[in-house]
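A.B. asks: only the shape, not the letters, is given here:
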């Protein structure tokens, strides 16, 4: 039973990655198409998102606590 669940889980992750890749291909510039450029873009986007959310959270926290 465990092997079957593991295989199903891997296929779900593979399908999710394929769906995400297809969606990213629609708005990425041509130079980012392909594995390495796409991964780098995704990592940089996630890092930028975390930084923006951290800065916004800090200002919101300071504003709410006075």
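C.D. replies: Okay, I see it. What you see is a predicted model; the values in this text were computed from it and never measured.
A.B. asks: buried stuff in the longest helix seen in the chain?
C.D. replies: Secondary structure of the chain per DSSP state H: the longest helix is helix 35-65. Residues of helix 35-65 classed as buried by neighbour count (16 or more other C-beta atoms under 10 Å): residue 38. C-beta here means a position set from N, CA and C on the backbone, and glycine is covered the same way.
A.B. asks: how far does stretch 20-30 sit from its chain's centre?
C.D. replies: The chain centre lies 12 Å from the centre of stretch 20-30; the measure is C-alpha atoms, centre = their mean, to the nearest Å.
A.B. asks: if I pick residue 21, what's in contact with it?
C.D. replies: For residue 21, the contacting residues are residue 38, by C-beta atoms under 8 Å, 6 or more residues apart in numbering.
A.B. asks: that one: which element?
C.D. replies: Taking DSSP states H and E as the criterion, residue 21 maps to helix 2-27.
A.B. asks: what average pLDDT does that helix get?
C.D. replies: For helix 2-27, the mean per-residue pLDDT is 75.
A.B. asks: over to stretch 56-66?
C.D. replies: Here the average pLDDT along stretch 56-66 is 93.
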